[in-house]
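Trainee: Show me the folded form of this:
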Amino acid sequence: MTKQEWLDRDFYAALGIPSTASAEEIKKAYRKLARDLHPDAHPQNPEVEEKFKTVSEAYAVLSDPATRKEYDRTRRLYRSGTFAGSGFSPGAGSARARAGSGGFDFGDVFGSGSSFIVGDPLGGVGDVLGDLFRRAGTRTASARPRRGSDVETETRLSFREAVAGMVLPLRVSGPTVCTSCHGSGTRPGTRHRTCPHCDGVGARNRNQSGFVFSEPCGDCGGTGSIVGMPCPDCHGTGTGDRTRTISVRVPPGVSDGQRIRLPAQGEPGLGGSPPGDLYVTVRVDPDPVFERGGDDLTVTVPVTFAELALGTVLSVPTLDGRVSVKIPPGAHSGSTFRLCGRGVPHSGDAVGDLLVTVEVAVPSDLGHEADEALRAYARAEEIDGFDPRAGWAGNT
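Mentor: Below you'll find the predicted structure:
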């Protein structure tokens, strides 16, 4: 990050907090934003990923008391016009720079011996800027491990396998750690050498218009080291392609589309850096009997009119056998009965319920005896004065 960017960015606004926020408020705001903007929750969304980086950068500055203090002091000076009063415009060169001497030097203008500021109540501005940008530069230049990429795959389970849970052997083909060099990329018995171009820092500075830009070293890829004698099997990459079998523990009650994360089972990092993660998306086939609603299962049982009118005991299927359900006389078609603890298992030892719905099945073709009996029943209903539509839609 350039000096101008440090002066222009409002890290407090990035976290949505006032400049008077306490350390606890800063931490609380960052945790909420980091959870909402985490790339794992928004895959392949560059805009959210950029916001996540901005929030992380803001927290890195404001969570460090010393860096936050220097940041606040520098911005107060910048807003008060102290820089402008010296004839300096951020981003432009000094008189010496315009004369071709190589760029603006903050230390020359704002150092302890500068005549631009007398009795500075905030302390030496040159010290503030120097400490601030030296600290930022150190973080930028430090070599960071290049974590491996995450890998995604799918697996398909039957409805009952997903409800019960299982340990699933999963075959994965792709890059993995080289078995000869164990990911180091060097020939066995040798080691990496310090990059001679960046002296092991992993970054190189570039001066442009009086500002110093830090960028990854192109010779070592930002790692700070290079392979002296490459591994003959992976040619220095530290990785190789192979097919492997991974045991995936599918928890009981997994739902269709749910992702299971297997840490460190993705692509290996370069030069022995940490590997990425493996994400397994579970697809669940529908069941011919049960439907699922959260942790509850539903089943519809066909019954006769006589069974509902007179009452009966039904044999109902569950995930682990059949159970008896008593239907009281006079139950209506569409009535639902709850069997506690017969549904889908979830966290801990808790289990959902089984909801049994009864529905009258009307025969499409009546036999002679059934037809005569039903007509006799209809006449008996009429004599008894039973009218199912009485009072319905204005009927009297």
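Trainee: quick one, strands of the stretch 151-300 of the chain?
Mentor: Per DSSP state E, counting those that start in this stretch, the stretch 151-300 of the chain carries strands over the ranges 151-157, 166-177, 192-194, 203-208, 211-216, 225-227, 239-250, 259-262, 278-284, 291-293, 296-303.
Trainee: Give the pairing partners of the last one; include direction for each.
Mentor: Spelled out, that is strand 296-303. strand 291-293 (antiparallel), strand 354-360 (parallel) (DSSP bridges).
Trainee: quick one: which of the ones you listed has the weakest pLDDT on average?
Mentor: Among the strands paired with strand 296-303, strand 291-293 carries the lowest mean pLDDT, at a mean of 92.
Trainee: Break down this structure into its helices, ranges please.
Mentor: In the chain, the helices defined using DSSP state H lie at 3-8, 11-15, 23-37, 46-62, 65-79, 82-85, 95-96, 106-110, 125-141, 159-164, 305-310, 368-384.
Trainee: Most tightly packed of the strands paired with strand 296-303?
Mentor: Stretch with highest mean neighbour count among the strands paired with strand 296-303: strand 354-360 (a mean of 18; mean count of other CB atoms under 10 Å). C-beta: built from backbone N, CA, C; applies to glycine.
Trainee: and for it, what are the contacting residues?
Mentor: Strand 354-360 is contacted from outside by 296-305, 308, 314, 316, 318, 325, 327, 331, 333-339, 342-343, using CB atoms under 8 Å, 6 or more residues apart in numbering.
Trainee: if we go to 6 Å?
Mentor: The contact list for strand 354-360 (CB atoms under 6 Å, 6 or more residues apart in numbering) reads 296-303, 305, 316, 318, 325, 333, 335-339, 342-343.
Trainee: What's the PyMOL syntax to select whichever of the residues you listed are buried?
Mentor: Of those, the buried ones can be selected in PyMOL as follows, counting by 16 or more other CB atoms under 10 Å:
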select buried, resi 296+297+298+299+301+303+316+318+325+337+339+342+343
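Trainee: related to what we said a few turns ago, the helices of the chain: lowest mean pLDDT?
Mentor: helix 95-96 (a mean of 35).
Trainee: the domain parsing of the protein - what is it?
Mentor: As assigned by automatic domain parsing, the chain contains the domains 3-141, 145-179+238-286, 291-362.
Trainee: Can I get those in a markdown table including distance to Pro216?
Mentor: Output for the domains of the chain, formatted as a markdown table (distance: least, CB to CB, whole Å):
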| stretch | distance to Pro216 |
| --- | --- |
| domain 3-141 | 9 |
| domain 145-179+238-286 | 10 |
| domain 291-362 | 44 |
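Trainee: and Phe234, how many residues sit next to it?
Mentor: Rather than Phe, residue 234 is Cys. Residues lying near Cys234 (other CB atoms under 10 Å) number 21.
Trainee: I'd like the distance between it and Ser22.
Mentor: 50 Å (CB to CB, to the nearest Å).
Trainee: just His332 next, same as before
Mentor: The gap separating His332 from Ser22 is 61 Å, by CB to CB.
Trainee: swap in Ala29?
Mentor: Note on Ala29: its distance to Ser22, by CB to CB, is 11 Å.
Trainee: Any stretches of the stretch 251-396 of the chain with poor pLDDT?
Mentor: Residue ranges of the stretch 251-396 of the chain with pLDDT under 70: 270-272, 347-348, 395-396.
Trainee: residues contacting Val303?
Mentor: For Val303, the contact set (CB under 6 Å, 6+ apart) comprises Val358.
Trainee: quick revisit: pick the most buried one from the strands of the stretch 151-300 of the chain.
Mentor: Highest mean neighbour count among the strands of the stretch 151-300 of the chain (mean count of other CB under 10 Å): strand 225-227, with a mean of 21.
Trainee: so what does that one touch, helix or strand wise?
Mentor: strand 192-194 (3 or more CB pairs under 6 Å, 6 or more residues apart in numbering; DSSP states H and E).
Trainee: tell me what the strand it packs on is packed against?
Mentor: strand 225-227.
Trainee: which neighbours does the strand it packs on have in its sheet, and in what orientation?
Mentor: strand 192-194 (antiparallel).
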